[in-house]
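>>> missing the sequence, but the structure's below:
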């Protein structure tokens, strides 16, 4: 990981003085505690580094100034949002300038007629959701971190979420960007119109580029009419094969679930141990489904119930009101804390390696069985949760951070799951991004020609390689 | 247009011999009539050139061979599909190799469970639509040329269409590509899974790049469940302001029209003159709307009718069955032939300059009024038709090709409409692409930083500039 240690050519003191001379005093921070706090995102067991300086700009001009000064001094720039990422994409490298976009948190415009919003990158996903709902509108992408993660971070990682099975991921909603380039110039991409094909699609290029091509300073997103409250059900399956079959039947049926999530037996037991909800801990898996299209929702949900039963579900509970529907969703939202609780119960220094594999839906059952076999072979606890309707699963691998052998085995399981996923026609990341965690797997997935093209684009936009070095590529 | 005349460094004969040595005999064509036939797409009044050779490959390997040989000889390569484009993006340049992808026309896979299809670029849009419908599936993008244009051409231009107001444009459906690069290497982008964020979004970069970054040789598209038959209505408006207001009310209401088209008074009269259908030629504009969501369709259509009346529609006719709905749609599909008929009625050598401006929906009425004012000022006939729900209008400018002053005035009107559209926050092309027709306007729209980034990407992927030279940039 030699890329993670980059010396500044002009010495550290110079760049900080230079930043202080050009930015308001409160923007440039060298407090050791704050620098320590900005080392990393939420990915466990991934390398990080100590920033030299933290800059908290309030405007695009201030971002441009910081990037320009950093470039003059040869200091790498690592952009950060709420640091809720799960692949180390926001991790600092030693001696870098961390650029926190959290204070650029204004919603600049909500335009109900043209169904768009223009926001700064630090706006929290849920805050945008609440603001547009007052206009009867809806911003769909809903990563698990939606109450804390920012639209800037969501855009940089092309975040997904639960409702993406019906509404698609972040890139489907971002129609225009303002980006500070590696040389401090300001680029505007895209449009504010519903359609537009003028020139190369630079907007989509920056979405999901994890801060390696430029710093996103403004985002124009498309909005949708707010859906009606969703109806939900939970279906209990005795085997992974029956659960996988149900997902395929449902998605092939023409029903339009607004959510179709899977929780495996490890998660069911973890949630019951963490906060008892009466889940069937003998089941192999449960599917949680919802439908939100008004008059059609009830029909869709009835069809989903029938298909689940026909595929082998032993029980199906349908929520009869919004409160029950919310309770079902709450179980899903407990998946991550429950697994952390399980990890800490197993080991004093328990940790989780989070995977984020996506496969064709038809391969779901095979992937689930393969993960269970890998886990058993190595004697590692792996719980699987995820967006089954999209074929996107999150195996959570439990390790003992105090035991190098346990961590080694965890990484081995991670790699075997990756290998299996790719062999099934899948991708190494469905929604978390590559970051540091999956650089090697990106190489495998993209192949030499794919990597050459990606590196050529990186070199074209960031020739000195100072933007988020060592990430993605 | 000096870029349009490129001499081959090794002389023309060499490259043809070299191609014949490496490809099956019927792939390499130098018949003068066929070369003449492959000079251009359907954009009128745009420069073209005479190809040196036409290559019709049957496989990706043959495309790679042709590109490699062309690169060795420094001969530019111009890819073509069905040549239905409307911006000159497929026009040959003198001395080029035209690479026609029309014979790579196989549907390689339809996978109903994972809702994807894999096709070669020469598959005709409507053929794919019919093939997937047998599986209860739907490939939404429906450019006006859907009965003849190819998925490869649709992808290269990021084609739109009528149903995009509900279902989005081509880029929303293309999830993976195979591309022959400028050096003949074969790149695979994207995935076959519903989700995936591994590395830069190269797929979206190639979609809409109009053959300037690589030759698309295979396309993986996402499919949707087939919608139920649409219900339709037509609403008649006394003024452009009332029609524009209706569009805004409908789109802001939460109704989900599957089609929301506008025809102006010039088109109404042109269609009545061409094929009388009983349209109200005294109206300022009509809106054609449809809804296709099963149980919700009738409610949506009723809401649309009410909003149209409240906005000032003088009459609303609702189709009572599929036959009547088809008749309404037929009027819309007659727009282009009717305008050509009108042009030829006005001038022996009548021609049309087609514009493709997109503005925020809220600016529709202002755009319509501005177009009418520009047309009146210069004494030029301009008819406007388009995808009102997306703010995407096609002003059709009638000129006398035999009269240079008429052609000059037509281009003047084109430029004034462009200027107005951009000043309203619009884009110079909603769905036709930049091609040759709008290179200057792309510069205005993208600005110097935007052009620098686009040129850097072009240089990174096509350093010698042999792929579709002179187009887009």
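That came in fine, so what should we check first? Computed from a predicted model, the values in this text were never measured in an experiment.
>>> who's residue A:358 bridged to?
residue A:392, residue A:427 (DSSP bridges).
>>> can you tell me which residues contact it?
Contacts of residue A:358 were listed using C-beta atoms under 8 Å, 6 or more residues apart in numbering or on different chains, and they are A:390-393, A:421, A:426-427, A:429-431, B:191, B:193-196. Every residue, glycine included, has its C-beta placed from N, CA and C.
>>> Tell me which of these has the lowest pLDDT.
Looking at these by pLDDT, the weakest one is residue B:194, with 87.
>>> what stretches of the stretch 301-450 of chain A score poorly on pLDDT?
Counting by pLDDT under 70, the stretch 301-450 of chain A contains no low-confidence segment.
>>> now residue A:232, nearest residue through space, not along the chain?
In this structure, residue A:232 finds its nearest non-sequential neighbour in residue A:325, 4.0 Å apart by C-beta to C-beta, 6 or more residues apart in numbering or on different chains.
>>> that older thread, show me which pair in the contacts of residue A:358 is furthest apart.
A:393 and B:191 (14.8 Å; C-beta to C-beta).
>>> What count of nearby residues applies to residue A:304?
Counted with other C-beta atoms under 10 Å in any protein chain shown, residues neighbouring residue A:304 total 27.
>>> Kindly apply the preceding question to residue A:310 instead.
For residue A:310, the neighbour count with other C-beta under 10 Å is 12.
>>> so how far is chain B from residue A:47?
Distance, residue A:47 to chain B, using C-beta to the nearest C-beta, to the nearest Å: 20 Å.
>>> surely that residue meets residue A:88?
Yes - A contact is recorded between residue A:47 and residue A:88 when judged using C-beta atoms under 8 Å, the distance being 7.2 Å.
>>> any residues in contact with both of the two?
Listed as contacting both residue A:47 and residue A:88 by C-beta under 8 Å, 6+ apart are residue A:436.
>>> So between these two, which is more surrounded?
Under the criterion of other C-beta under 10 Å, the comparison of residue A:47 against residue A:88 puts residue A:88 first, with 26 against 15.
>>> Would you mind confirming that the more buried one makes contact with residue A:435?
Yes - the criterion here is C-beta under 8 Å, and residue A:88 meets it with residue A:435 at 4.2 Å.
>>> Pull out the buried residues from stretch A:286-305.
When burial is assessed from 16 or more other C-beta atoms under 10 Å in any protein chain shown, stretch A:286-305 yields the following buried residues: A:286-294, A:296-297, A:300-301, A:303-305.
>>> picking up where we left off before, just the closest of the contacts of residue A:358 to residue A:125, please.
Checking the contacts of residue A:358 against residue A:125 with C-beta to C-beta, the nearest one is residue A:431 at 13.4 Å.
>>> the domain parsing of chain A - what is it?
Under automatic domain parsing, the residue ranges defining each domain of chain A are A:12-102, A:107-225, A:231-423.
>>> Columns distance to residue B:442 on top of those domains, output as JSON lines?
Putting the domains of chain A into JSON lines (distance: least, C-beta to C-beta, whole Å) gives the following:
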{"stretch": "domain A:12-102", "distance to residue B:442": "23"}
{"stretch": "domain A:107-225", "distance to residue B:442": "5"}
{"stretch": "domain A:231-423", "distance to residue B:442": "35"}
